[in-house]
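> Below is the sequence, then the predicted model.
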Amino acid sequence: TPLQEGLLFERLSNETATSYSVQASYDFAAAPDARRVRQVLELISEGNPLLRAAIVWENLRRPHQVILTDRRVETRVIDLRHLPAEEQAERMAKENAAQLDRLFDLSADPLIRCDVFHLSDSAQRVVFTNHHVILDGWSMAELCRQFADLHERLGRQSFALVRESHLAERGRAASWQDYVHELGDRDAVELDAHWARILDGYRGSDRVLPSDAPHGALGEAGRVERVTRDALGKAVAHTAAAHQVTVSSVVEAAWGIVVAHLTGSDDVVFGKVVSGRDVALPGVEQTLGLFINTVPTRVRVRGAGTLAELMRETQKQAIDAAGPEARLGEPLAEAPTYLRAEVAWAVTHEGAAHLDDVLLRRVRLDMERRDRGLSAADEILQVMAPLLGWTKKDVAAEKAAYAERVSQIAAAESESTDAAAVAHIAGSI
């Protein structure tokens, strides 16, 4: 994928860097069993082809990822039960650091390693170290889920039976190859034109340094967490609903203002990580791979007018970036004002119960106008889709769930309307 090509470029630009080596650890309660652990990892590798990938590029016009048939997850089982807890922690920290310091040869090495530490007769820690080129954070959580599930099943079923059911489950979900083909089918010219429009005229270089940092200093990557007051969270949600935008649009606009202040620029660009799983592929949420991407978000403070206009512009940028497949129908900004306000409030504040009220009012309006355009559910779901990031599959599921409800509402209203209008409302979904 394009992102994988970018990570390969970074790797070749600095062949001694371990910037994209990722590590995640999981504790789970289970009796140590080295044989079962190796069987679990064998099944995971067989059912998730990208774990067997090699990235090749030499003497090729474009790099490729090759899926090998017999590559397995590099595994070590380390028994620390004889050590006290403090020494266990020290040993694990040492082993984890060593794994992170080991470079990945993208064309020759297994791109994922697993260390299993036996801590007691009922506790283990599993540590995965991988190159980011094959897995994102979402995938790591799914990898852990598969590990725990297979480990438990192998404790009560034969390897052959678990293998058969596991491969059947993986076969029902989209493969990484399906996703690569999906990306390949997209219009590259249209995508290039979109990002060219977003970044047109941008001249800045947004680098934020602490006021006391030496000239040219760069800090290490880190994480900052702060717990906000409940009142602040509610105020942000209320602001989003009142201005018919999502909470993320409020936060992005606010962050753009902060970055503008820190850089002294009124035109700033920052990266926003997106899941990349807003594709119409079955079971994509269970597929292991590198789906995420970082896309630019541009906030132009000068000339934005009011804060409300800045938030709406930020949201429109996000909706436009989703593409027609994810947007489904008219963008939120072009939806009827009354419907935009009602659905935005319902989604961000009131919840599903209020959506029924919105739906009921829309059905009544359709009946009164004898409208032969969009049905009630169609119009509402098209507005909700960009608000919630729904894909075609999500909308289809919601339509099915609402079909019976709308039919009941339409039937209840039938005393004051003609039969043709009721049939249109209920049948057009």
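Right, received. Where do you want to start? Numbers count the residues shown, from 1 in each chain.
> roughly how far apart are the spatially closest residue to residue 393 that is not a sequence neighbour and residue 308?
In this structure, residue 393 finds its nearest non-sequential neighbour in residue 280, 5.5 Å apart by CB to CB, 6 or more residues apart in numbering. In this view, the C-beta of every residue, glycine as well, is placed from N, C-alpha and C. For residue 280, the distance to residue 308 (CB to CB, to the nearest Å) stands at 33 Å.
> Likewise for residue 291?
Between residue 291 and residue 308 the computed distance is 33 Å (CB to CB).
> Have a look at the two and say which one is more surrounded.
Just comparing residue 291 and residue 308: by other CB atoms under 10 Å the higher neighbour count belongs to residue 291, 23 against 15.
> Wasn't the more buried one part of a helix?
No - read with DSSP: H, G, I helix; E, B strand; the rest coil, residue 291 is coil and lies in no helix.
> thinking it is in contact with residue 179, fair?
Yes - counting by CB atoms under 8 Å, residue 291 touches residue 179, with 6.9 Å between them.
> shared neighbours of the two, anything?
Here residue 291 and residue 179 share the contacting residues residue 284, scored by CB atoms under 8 Å, 6 or more residues apart in numbering.
> Show me the strands in this structure, by range?
21-28, 53-56, 64-67, 74-79, 112-120, 123-131, 267-274, 293-300 (DSSP state E).
> will you turn those into CSV that also has distance to residue 242?
CSV is the format used below for the strands of the chain (distance: least, CB to CB, whole Å):
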stretch, distance to residue 242
strand 21-28, 39
strand 53-56, 48
strand 64-67, 47
strand 74-79, 53
strand 112-120, 47
strand 123-131, 44
strand 267-274, 23
strand 293-300, 20
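> Put together JSON lines for the ones you listed, with mean neighbour count on each row.
Formatted as JSON lines, the strands of the chain follow (neighbours: other CB atoms under 10 Å):
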{"stretch": "strand 21-28", "mean neighbour count": "15"}
{"stretch": "strand 53-56", "mean neighbour count": "19"}
{"stretch": "strand 64-67", "mean neighbour count": "14"}
{"stretch": "strand 74-79", "mean neighbour count": "15"}
{"stretch": "strand 112-120", "mean neighbour count": "21"}
{"stretch": "strand 123-131", "mean neighbour count": "21"}
{"stretch": "strand 267-274", "mean neighbour count": "16"}
{"stretch": "strand 293-300", "mean neighbour count": "17"}
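> what's the closest of the ones you listed to residue 139?
strand 123-131 (9.2 Å; CB to CB).
> Which secondary structure elements does the closest one sit against?
strand 21-28, helix 85-101, strand 112-120, helix 137-154 (3 or more CB pairs under 8 Å, 6 or more residues apart in numbering; DSSP states H and E).
> Those: which one's closest to residue 67?
Closest among the helices and strands packed on strand 123-131, using CB to CB: strand 112-120, at 13.5 Å.
> what comes into contact with the closest one?
32, 34, 37, 41, 51, 73-81, 88, 92, 95-96, 99, 124-131, 134-135.
> low-confidence ranges in the stretch 101-250 of the chain?
The stretch 101-250 of the chain contains residues with pLDDT under 70 at 205-221.
> at 90 instead, please
Low-confidence segments of the stretch 101-250 of the chain (pLDDT under 90): 137-138, 140-141, 144, 169-199, 201-250.
> Would you state the helices of it in chain order?
Under the criterion DSSP state H, counting those that start in this stretch, helices of the stretch 101-250 of the chain are mapped to 137-154, 159-172, 176-184, 188-199, 230-242, 247-263.
> nearest to residue 17, of those helices?
helix 137-154 (19.9 Å).
> Tell me which other helices or strands the closest one touches.
Helix 137-154 makes packing contacts with strand 21-28, helix 34-47, strand 123-131, helix 159-172 when contacts are defined by 3+ CB pairs under 8 Å, 6+ apart.
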